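> Got a predicted structure here, sequence first:
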Amino acid sequence: MTSTKMTRRKAIGIALATAATLASAPAWAETDFSGKTIEWIIPFSAGGGSDTWARFNAPMLSKYLPGNPTVVVVNEPGGGSTKGANLFAVRAKADGLTLLGTSGSTQFPYLLGDPRVKYEYKDWKIAMAAPTGGVVYVSPSTGVTSVEDIAKLKGQKLTYASQGATSLDLVPLLGFGLMDLEVQHVFGFKGRGDGRLAFERGETNIDYQTSSAYMKNVQPLVDAGQAVPLFSWGVLDEDGNIIRDPNFADLPSFPEAYQTMTGKAPEGPDFEAYAAFFIAGFPAQKMAFLPKDTPDEIVQTYQAAFEAMKEDPDYLANKEAVLGTYQQVTGKAAQALFEKGTTITPETRSSVVEMLSANYGVKLGE
């Protein structure tokens, strides 16, 4: 007969081995959201880019978070996205049940010191960042046939359809100004899609679209000879330098195009201002945050879920239509984008605020 008795020494050995196994397990493995509902706050109206991004990610997040909680996207628009972000800062508890999605339009008021902003980005814990890019193009009526002709734009009257001076269109406003292009920014357009339609109607002659929109809607115009691509905004390398966007490897980045036009590399306070808002608007355009004081194990749980979903067949099959060819990132990569996309020197802030007031009559908070 086989004995079922266990010696005291053997029992202690098993207990120690079990304790060692539990101690070596990642802390996030202990987090469980079974039966819970997670609210993903999007401070924009339904149907926009940020809403589409969150609704694409939400079912994947539910699938890969422990316990498979229900993830509900809640739209809290208003104040150029500051309303929803303010509510998150005040109401969200550090229990992992509330997530906030922000975009460049949330970062810009924060960077500019807009009095509507009652939130502090540095208080929050980043779970994921989603970069994107963009391409600037002009009408053949400008006489430009390729990026080599960019100097022909000097002195021309150019017209650009803008959503507003403190929206994401602040990036082209600063960039075109840095290039010393004579551009009339017509404010009031509801989205970049409306700007493209104005370009197609011949109402404007310079425009940009984010990467996915460019590939879908502008590349056909290029193929038909109705648009000429000039440059991409570029992407950041590991050292924080702006380099060519690999999605548009045949197009120069903004710094390259600037050098082609002026004969020198961009530098100085005006370029630093452009770079600050470029980073907030594109490499760090969309970010998902957990509230202040959220335990590290919950943050790690979210990061692990966002990483795991990237191998999901449904995610892989559909991500390009929503995200383009850019990768959502977590961990150190997300933290680096977060820090760069929400940091600005007081001098840069003051110079941009003064320029917007003097040149465009923009008063923050109005």
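Right, received. Where do you want to start? All values derive from a computational prediction rather than experimental measurement.
> wait, isn't residue 93 in contact with residue 290?
No - at 10.2 Å, residue 93 does not count as touching residue 290 under the criterion of C-beta atoms under 8 Å. Any C-beta I mention is one placed from the backbone N, CA and C, and that applies to glycine too.
> Settle it for me: which of the two has more neighbours?
Neighbours were counted for residue 93 and for residue 290 using other C-beta atoms under 10 Å; residue 290 has more, 25 against 11.
> can you tell me the helix or strand for the nearest residue to residue 302 once chain neighbours are set aside?
Spatial nearest neighbour of residue 302, excluding adjacent residues (C-beta to C-beta, 6 or more residues apart in numbering): residue 127 at 4.0 Å. Residue 127 belongs to strand 125-130 when elements are defined using DSSP states H and E.
> One more: residue 225?
In this assignment (DSSP H and E), residue 225 forms part of neither any helix nor any strand.
> what's the residue lying closest to it once chain neighbours are set aside in contact with, if anything?
The shortest distance from residue 225 to any non-neighbouring residue, by C-beta to C-beta, 6+ apart, is to residue 140 (6.5 Å). Residue 140 sits next to 225, 226, 227, 228 when contact means C-beta atoms under 8 Å, 6 or more residues apart in numbering.
> so which of these comes closest to residue 150?
residue 228 (9.8 Å; C-beta to C-beta).
> Which strand residues bridge the closest one?
residue 138 (DSSP bridges).
> Can you give me every residue that contacts it?
For residue 228, the contacting residues are 137, 138, 139, 140, 142, 144, 145, 146, 222, by C-beta under 8 Å, 6+ apart.
> Then residue 92?
Listed by C-beta under 8 Å, 6+ apart, the contact set of residue 92 reads 41, 98, 100, 291.
> can you pick the most crowded of those residues?
Ranked by neighbour count (other C-beta under 10 Å), the contacts of residue 92 have residue 100 at the top, with 26 neighbours.
> Parallel or antiparallel, list what pairs with the helix or strand hosting that residue.
Assigned by DSSP H and E, residue 100 belongs to strand 98-102. Paired neighbours of strand 98-102 in the sheet (DSSP bridges): strand 37-42 (parallel), strand 286-290 (antiparallel).
> quick one, phi/psi of the nearest residue to residue 282 once chain neighbours are set aside?
Nearest residue to residue 282 in three dimensions, chain neighbours excluded: residue 233, at 5.4 Å (C-beta to C-beta, 6+ apart). Main-chain torsions, residue 233, degrees, to the nearest 10: phi -70, psi -30.
> Quick check: residue 233 vs residue 156, distance?
Residue 233 sits 21 Å away from residue 156, going by C-beta to C-beta, to the nearest Å.
> Please apply the same query to residue 171.
Look at residue 171 and residue 156: by C-beta to C-beta, they are 21 Å apart.
> okay, those two: which has more neighbours?
residue 171 (23 against 16).
> Taking the centroid of the chain, which residue is nearest it?
In the chain, the residue lying closest to the centroid (C-alpha atoms, centre = their mean) is residue 285, at 1.4 Å.
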